[in-house]
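Peer 1: Predicted model, plus sequence, below.
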Amino acid sequence: NKASCVKGWALSPALLPRLLLPRTGYRRASRGLWTSVQRLLATTGGTDSQLPPFPSQARVVICGGGIVGTSVAYHLAKLGWTDIVLLEQGRLGAGTTRLCAGIVSVAKPISVECQMANYSLNLYQQLEEETGVKTGYANTGSLCLAQNQDRLLSLKRLASRLKVLGISCNVIKSKAVAKLHPLVNIHDLVGALHLPDDAVVSPPDVNHALAVAAAQHGVQILERTTVQQVLVENGHVMAVETDRGSIECEYFVNCAGQWAYELGQASEMKVSIPLHGCEHFYLLTKPLPENLSANNPVVLDMDGRVYVRNWQGGLLSGGFEKNPKPIFTEGRNQLEIQNMQEDWDHFEPMLSSLLRRMPGLESAEILQLVNCPESFTPDMRCLMGETPGVSGYFVLAGMNSSGLAFAGGGGKYLAEWMTYGYPSTDVWPLDIKRFGNLQSSRTFLRHRVMEVMPLLYDLKVPRWDFQTGRQLRTSPLYDRLDTQGARWMEKHGFERPKYFIPQGKDLLSLDQSKTFYKPDWFDIVGAEVKCCKEAVCVVDMSSFTKFELTSTEGEALDLLQHLCANDLDVPVGHIVHTGMLNKRGGYENDCSVVRLSKNSFFIISPSDQPVHCWSWIKKHMPSDPNLHLEDVSWKFTALNLIGPRAMDVLAELSYVSMKPEHFPSMFCKEMSVGYANGIRVMSMTHTGEPGFMLYIPIEYALHVYNEVMSVGQKYGIRNAGYYGLRSLRIEKFFAFWGQDLNAFTTPLECGREFRVKFDKDMDFLGREALVQQRHDGVSRRFVMLVLEDHDTELDVWPWWGEPIYCNGRLAGTTTSSAYSYTLERHVCLGFVSTPPGPDGLPTPITPDFINRGDYEVDIAGQRYSAKAKLYPFSSLFTQQKRRKEDLELSNLQAK
Amino acid sequence: MPVTYQVLRGFPRSKVFAASLVPCQQHHSQFGPIAHHPASRVPSHMWQRCQPSRSYKTTSLLHSYILTPPQVNSILKANEFSFKVPEFDGKNVSSVMGFESNQLPANAPIEDRRSAATCLQTRGMLLGVFDGHAGCACAQALSERLFYYIAVSLLPHDTLCELEAAVEAGRAVSPILQWHKHPNDYFSREAQTLYFNSLRTYWQELIDLTSPGEVPETREALLNAFKRLDNDISLEAQVGDPNAFLHYWVLRVAFSGATACVAHIEGQDLFIANAGDARAVLGVQEEDGSFSAHTMSNDHSAQNDDEMARIRGEHPPSERKTVIRQDRLLGLLMPFRAFGDVKFKWSIELQKRVLESGPDQLHENEHTKFIPPNYHTPPYLTAEPEITYHKLRPQDRFLVLGSDGLWETLHRQEVVRVVGEYLTGVHQRQPLTVGGYKVTLGQMQGLLEERKARVSSAFEDQNSATHLMRHAVGNNEFGTVDHERLSKMLSLPEELARMYRDDITIIVTQFNPHVIGAQRQEGQS
């Protein structure tokens, strides 16, 4: 039985000497792996009887011995988990980890990623001390170069975000670059961002160190063990089947990197893990003749699409090309990851770019061109968390070429997630539940990652839309709107109109319209907003997630009363705006619920919520045959009639008075519009303007739209898009889930106490936390900031994530912003908090703090003073007045 | 220079000086066939080569035509065609991967024809280039008929019997050929019955001549097919047809002429049957990756001493001086072997008799009555092909069949280089590896840029024949395509085009080295 004997070793012999090096303290502390190692040593060669038994049971099984898998194991163990088994199909760190370039930089597109990278830096720095394993850690710092002013702006924006996180960074002049790195040609640079804390490591060594530390804490590591499938029972992970037998377990963590997608598909209940591989190339040179200082910073020349780091006396340089080569579309059997071919012709643009940046390298000798496939996701962010379909099935994969930088922080967050039910910070941008089966098509993924990979180094400007994988989900009105000049954006695969280009007008081409300043659609959206305010606009909002919850008895109401913060025991026909909160009182979802009948409810949630909200409700839903939840998103086309004349249009089409006295606000009626019957008409909008939402069975959509447009003509109706809505809702101080609200925001923090059923003696999810918070007072408050001295024409526009300063002190960040055409000012929404008290504890926020503070918003390093407000400017009065005047005018004409 | 200029003005670059032997070529009659004879003392292949570069400087007319790259492409790609041999799940894989072909007219209408077909009853692939002269009729007939003659010649006795039985009983006949045709490659509908009857007569004779179980040899089959078809063309013209149009048509076919170069590929066996001055060249990839040309056929023209000797030997010594003059047969015809051209084959009496009994249209043209000078001992011309055999090796990557319009603009070595680099660049460009060598980043960058430049010129074309055509027409002295030159050559007005270039027809057949390699191993073991 020699074969199984070799296969069966817990750790390969090659790893043993390294494991034995460290201090003696190990022996006492170690269990699991260590004992097996000792046993192996005792009987050099090992016989069947001495083999560590293959575990038949474990609490957690982690698949993947790369840096991500070992980090998860490490952090779980640190949080006190025992009985963890880590399975690796080959050797530890033999996949992408072995080949990756080893740069750990905090220069990442969104703040939570910066945080993760920052945590990883600190972790790797102390890992050598903790484990005694050399990690190759060198604090070199890094330089992000800017070849043009737009790039410099984006670096400045990054710098202000990093400052919020307390990460040091400096925007420097190009001359300073030359001092930091002698090889860099600075002639075409306009500046750079210096990140002094960034570092380089040796990824396989970090991987090894994490494995050693995890093993010390009792994690059992099995190499050469392939996971074949995950067995599921009653929607919960039950066991993992490997080529060496099966392991019963409660939790399964898929950290299979490139193979995570396939492994997900191989599960008994398919799990969608949307990622796709691309080849990635970097070059290694032989040691350079003139000795480089080992601490030369890493150079990231994003405009040139290359990165460079020191490597064993020479350099390592790779890049993210415009024309990536997707790989493994048909699965792993195509090619072994170890046998990837070098492709010099493909690397040519990056080589030229490197030599332009460092002309001195012309005489450097080539050692090797490495082809290291990386996995990419549809939105350039990693996939983390519990999968929606199978409870106990966790994922951490799809690192978009930043596996090393994210492994530490990602492992920590996932371990927290498994331990406490959620990480210590909001990770919605990374949550795997932002995707569903929708994004699992191989064709879609292949096309999308070809766009995503170059995007890593592309200039990222506000309001950027993906160009690939589009027109998947569309409203029945798509073609009608498209021919009327609609320009589209996409949310969860659904096409939504941004704005409508009037006939004869043309906007700049896509590339030219990339700007941090005033965009070319400014006047177009302005006209749409004006029409919403003064006449009536129609907006196709079909992308909303729509569920129906029904029961035979009162079970549906009971469930919703438990899930929702607001009281749903309202008369039939009423609409309730409510949050679904978690135990911390934070928003898991923000939705409108309509009581259609005594025991049936219509739940409208944001467009990106279909997977997350579904799984949230399902998770808390008792398995009761009388209770039925259905996703009806596809059954309805949603049209928003917005503006003061919306009621006139509808009245004319239905012969029913739509005046507030007959059709009060937040009310829903099934009625006929044109010939079509059974339209759910709701007196609400999502922007705070007067108007109606029409939920139309899709077969009537075109008819209703045509009728609305033809009747609306005399009221000046026109199409409008989401950019206009955005401007309207922000100036009305409406918070949106996913942008302003997240799992760490409570209703009290955003002035929505009136939407919480405190007065009802009824328990609901999050009540306890809210009661406590009401008692303690909130220290963080959602505010509206109107920029005072910001020049719309000349200044950089705010986006989101800008730091807010109060009396010169950092007080928070913005979450969304828009130009208000009514106020003729920029409006930013965001959270501010008070400085901690002398005891270090948060202090309650007061209206005075908001109203009397001197506020500033930092946009790309420039601070603009702002007026903070807790309530929107009401334009209701002016509207009513205008409406009255209009009426008088039309009466006159009639005579 | 003035002499050359005169020549250019005076003569179309026609293969036959007496260009309008047949009335369909009305526009040629403006050039007197014999009047300019004394001027053409310079060997034709020489002035052909040097004229384009000089002459468009002197002709201001040409400057007004400059085409944009897309226009150039649309002209070059108008007749391109490609065919990939389908693979069936790894089974029955052919030694031929596929072929790509193209044609560029200089005559209006073009006088070149091409054909490609798979023999369904045997299992070989046939590819042919037919270069017509004095009209396109003969080349057209060859393109429709020759492969049927070859295919029938290749059929075993028993299959022929089945075929005959099926035709006799009026049953459905299993097809003999699968054609691979560009939409512009047409078949004349009217003559099909006539052609079929001649073909049937042929196979009936074959049945009589062969015995059961007999399988013909490819070499013999090709030889017989060529000779038989030329004979049939001649006979059909002599017999005539009650239908006036058909009668006129068979005369047109017989009085015009065409060379033929046909390849038959089955497994490792490559046969070339050639009659005339079209040519087949094999592209062989050397161990260092470069390509060398291996000529598979001999030109039957004045440049071939054996041919000169053969023709002189076939006629009495008294005609020694007259039978080949100015490198032309009887001072008129450039190719020394050809189909049709009964003016060089029939006796004077036969010619006169046929013409007198022919339809009236023939009499309207003076030149049909023209008899070549010093015409004493016909026939002077034959369609008998010269047959070459080659056993394919893995390093034999492709075969280029081209009409003389190609070979007079590009040297065969250059042709093979262009096609070889195109095919490897597009399909199997050797990846670069550093290996253990000392290479600096600067050197690598230079190398990569050079490779990129080479690929980008090939990138415009999806078809190797088109790519070769681009080079043939637009090549400059550095071996790269000069757009300005290409544009000028393509924008020549119809009546001038023929003076600067000939019709060009190209078929590039790509072999499958893996299949050939495997077959060779099987053969050895």
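Peer 2: Sure, I can see it.

Peer 1: Enumerate the residues of chain A near chain B.
Peer 2: Counting by C-beta under 8 Å from any C-beta of the partner chain, the residues of chain A close to chain B are A:283, A:285, A:341-345, A:347-348, A:351-352, A:354-355, A:361-366, A:368-369. Every residue, glycine included, has its C-beta placed from N, CA and C.

Peer 1: Mind checking which of those residues are in strands?
Peer 2: Per DSSP state E, strands hold the following members of the residues of chain A next to chain B: A:L283, A:T285, A:I366, A:Q368, A:L369.

Peer 1: just to revisit the earlier point, please check the residues of chain A next to chain B and keep the buried ones.
Peer 2: A:283, A:285, A:342, A:344, A:347-348, A:351-352, A:354-355, A:361, A:364-366, A:369 (16 or more other C-beta atoms under 10 Å in any protein chain shown).

Peer 1: picking that back up, just the closest of the ones in strands among the residues of chain A next to chain B to chain B, please.
Peer 2: A:I366 (4.9 Å; C-beta to the nearest C-beta).

Peer 1: give me the element the residue in chain B that chain A sits nearest to is part of.
Peer 2: Proximity to chain A, evaluated over chain B using C-beta to the nearest C-beta, is greatest for B:G442 at 3.3 Å. Per DSSP states H and E: B:G442 is located in helix B:441-459.

Peer 1: which residues of the stretch 1-150 of chain A score low on pLDDT?
Peer 2: A:1-52 (pLDDT under 70).

Peer 1: Which residue ranges of it form strands?
Peer 2: With DSSP state E, counting those that start in this stretch, the ranges of strands along the stretch 1-150 of chain A come out as A:60-63, A:84-87, A:103-104, A:142-146.

Peer 1: near chain A, which residues of chain B show up?
Peer 2: B:429, B:431-434, B:438-442, B:444-445, B:448-449, B:451-452, B:455.

Peer 1: Measure how buried residue 288 is and give me the count.
Peer 2: Picking chain A for this. 17 (other C-beta atoms under 10 Å in any protein chain shown).

Peer 1: My question was about chain B, not that one.
Peer 2: 5.

Peer 1: Please apply the same query to A:H775.
Peer 2: Using other C-beta under 10 Å: A:H775 sits among 7 other residues.

Peer 1: Can you verify it is assigned to a strand?
Peer 2: No. Assigned with DSSP: H, G, I helix; E, B strand; the rest coil, A:H775 falls outside any strand and is helix.

Peer 1: first to last residue in stretch A:600-613, what's the distance?
Peer 2: 18 Å (C-alpha to C-alpha, to the nearest Å).

Peer 1: cool, stretch A:366-377 as well?
Peer 2: With C-alpha to C-alpha, one end of stretch A:366-377 sits 32 Å from the other.

Peer 1: State the mean pLDDT of it.
Peer 2: Stretch A:366-377 shows a mean pLDDT of 92.

Peer 1: how about that stretch: buried residues?
Peer 2: A:I366, A:L367, A:L369, A:V370, A:N371, A:C372, A:P373, A:E374, A:S375, A:F376, A:T377.

Peer 1: Identify, from these, the entry nearest to chain B.
Peer 2: A:I366 (4.9 Å).

Peer 1: and the closest one, what are its bridge partners?
Peer 2: Beta-bridge pairing for A:I366 (DSSP bridges): A:T285.

Peer 1: State the distance from it to B:G442.
Peer 2: 10 Å (C-beta to C-beta, to the nearest Å).

Peer 1: Where does chain A get nearest to chain B, which residue?
Peer 2: The minimum distance from chain A to chain B, using C-beta to the nearest C-beta, falls at A:E362 (3.3 Å).

Peer 1: secondary structure element for B:T388?
Peer 2: Going by DSSP H and E, B:T388 is in strand B:386-391.

Peer 1: Show me what that strand is in contact with.
Peer 2: Contacts of strand B:386-391 from elsewhere in the structure, counted by C-beta atoms under 8 Å, 6 or more residues apart in numbering or on different chains, are B:219, B:222-223, B:268-275, B:280, B:282, B:294, B:296-298, B:300, B:337, B:396.

Peer 1: Averaged pLDDT, it. What do you get?
Peer 2: 95.

Peer 1: Can you give me the buried ones in that strand?
Peer 2: Neighbour-count burial for strand B:386-391 [16+ other C-beta under 10 Å]: B:E386, B:I387, B:T388, B:H390.

Peer 1: what residues are up against the nearest residue to the third one once chain neighbours are set aside?
Peer 2: Using C-beta to C-beta, 6 or more residues apart in numbering or on different chains and skipping the chain neighbours, the partner closest in space to B:T388 is B:I272 (4.5 Å). The contact partners of B:I272, by C-beta under 8 Å, 6+ apart, come to B:C261, B:V262, B:A263, B:H264, B:A280, B:M296, B:S297, B:I387, B:T388, B:Y389, B:H390.

Peer 1: thinking the fourth one is in contact with B:G128, fair?
Peer 2: Read that as B:H264. No. Counting by C-beta atoms under 8 Å, B:H264 stays clear of B:G128, with 9.4 Å between them.

Peer 1: got a list of what B:K77 touches?
Peer 2: For B:K77, the contacting residues are B:N102, B:D461, B:N463, B:T466, by C-beta under 8 Å, 6+ apart.

Peer 1: number of nearby residues for the closest residue to the residue of chain A closest to chain B other than its chain neighbours?
Peer 2: Of all residues not flanking A:E362 in the chain, B:G442 sits nearest, at 3.3 Å (C-beta to C-beta, 6+ apart). For B:G442, the neighbour count with other C-beta under 10 Å is 15.

Peer 1: ok, now B:I110?
Peer 2: Count around B:I110 with other C-beta under 10 Å applied: 18.

Peer 1: tell me the contacts of it?
Peer 2: So B:I110 contacts B:Q103, B:C136, B:D503 (C-beta under 8 Å, 6+ apart).

Peer 1: I'd like those residues as a markdown table, with pLDDT and secondary structure appended.
Peer 2: Output for the contacts of B:I110, formatted as a markdown table (pLDDT from 0 to 100; DSSP: H, G, I helix; E, B strand; the rest coil):
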| residue | pLDDT | secondary structure |
| --- | --- | --- |
| B:Q103 | 94 | strand |
| B:C136 | 91 | coil |
| B:D503 | 92 | coil |
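
Peer 1: In CSV: those, plus neighbour count.
Peer 2: Output for the contacts of B:I110, formatted as CSV (neighbours: other C-beta atoms under 10 Å in any protein chain shown):
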residue, neighbour count
B:Q103, 25
B:C136, 24
B:D503, 26
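
Peer 1: Put together JSON lines for the buried residues of strand B:386-391, with distance to A:D759 on each row.
Peer 2: Listed next are the buried residues of strand B:386-391 as JSON lines, based on distance: C-beta to C-beta, whole Å:
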{"residue": "B:E386", "distance to A:D759": "107"}
{"residue": "B:I387", "distance to A:D759": "105"}
{"residue": "B:T388", "distance to A:D759": "103"}
{"residue": "B:H390", "distance to A:D759": "98"}
